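>>> please find the sequence and the predicted model below.
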Amino acid sequence: MGRNIPGGRGVPVAAGLGGGASDAAAVLLGLAELHPGRVNLFNLARNLGSDVPFFLLKKTAARARGRGEKLEPVDLPSRALVLVNPGIKIRASDAYAALQSFTPRLRVKRIVSGLEGLEPLRYFNGLQAGVTLAHRSVREVLVALRNAGLQGVLMSGSGTTCFGLAADRDHAQEVASSLHNTFPSWWVNATTFA
């Protein structure tokens with residue numbers, strides 16, 4: 001589970017981490033418990049947002065198609081990572097309005113292989129270019145993560161949180177502590193997935 005660095009705060013709002021979508025999914029799951037059999041969760045989820053159906057799956061990762069409602073669970077190897085947010089909020093609609101170009105088709109098997117360390121990581125976020133153009137501090141976060149020696153550095157979702165993969169939990173914690181000391185106004189979190 002994630003661990004905030006001393007001086008950190010809770011998960012940032014409007015930061016590309018799926019906080020609003022996961023909250024919406026939690027409400028839907030509660031509604032289904034209160035009214036079993038009377039609620040079509042996935043139909044409601046699709047209408048609330050493209051990310052909401054994913055959080056109904058209760059899985060670590062999934063390949064999404066369509067608007068995000070066609071989901072296929074994906075098994076990922078466990079990895080340590082560092083999350084950093086420069087303290088900027090951005091609405092998903094603003095990130096999409098600034099879209100420069102669409103993301104190339106992601107090769108899920110290659111990404112999983114890259115996460116396992118078997119080949120270079122090749123994944124992209126089509127929203128990153130527009131957000132970094134509008135927000136210099138997001139570019140600064142990406143540079144800081146790369147300079148810290150993390151792999152696969154990328155902006156998460158519609159931004160403005162960015163992440164980088166560490167060699168292991170200790171490495172993630174060391175990098176997070178160093179970044180927090182260097183940039184005390186940033187939200188920094190060392191965590192793992194899968």
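Nice, I can see it. Residues are numbered from 1 along each chain as shown.
>>> what backbone torsions are found at the residue nearest the centre of the chain?
Central residue of the chain (Cα atoms, centre = their mean): S156, 3.9 Å from the mean position. S156 adopts backbone torsions of phi -90, psi 130, taken as degrees, to the nearest 10.
>>> how many neighbours does the nearest residue to it once chain neighbours are set aside have?
If the residues on either side of it in the chain are set aside, S156 comes closest to G16, at 4.3 Å by Cβ to Cβ, 6 or more residues apart in numbering. From N, CA and C alone the C-beta is placed, and that goes for glycine too. Neighbourhood size, G16 [other Cβ atoms under 10 Å]: 26.
>>> how close does G16 get to R110?
23 Å (Cβ to Cβ, to the nearest Å).
>>> please apply the same query to A166.
21 Å.
>>> neighbour count: these two, which is higher?
Taking other Cβ under 10 Å, A166 and R110 do not tie; A166 has more neighbours (25 against 15).
>>> picking that back up, Three-state assignment for the residue nearest to S156, please.
coil (DSSP: H, G, I helix; E, B strand; the rest coil).
>>> show me where this protein has its strands.
With DSSP state E applied, the chain shows strands at 3-4, 62-65, 70-73, 79-85, 151-155, 162-166, 187-193, listed in chain order.
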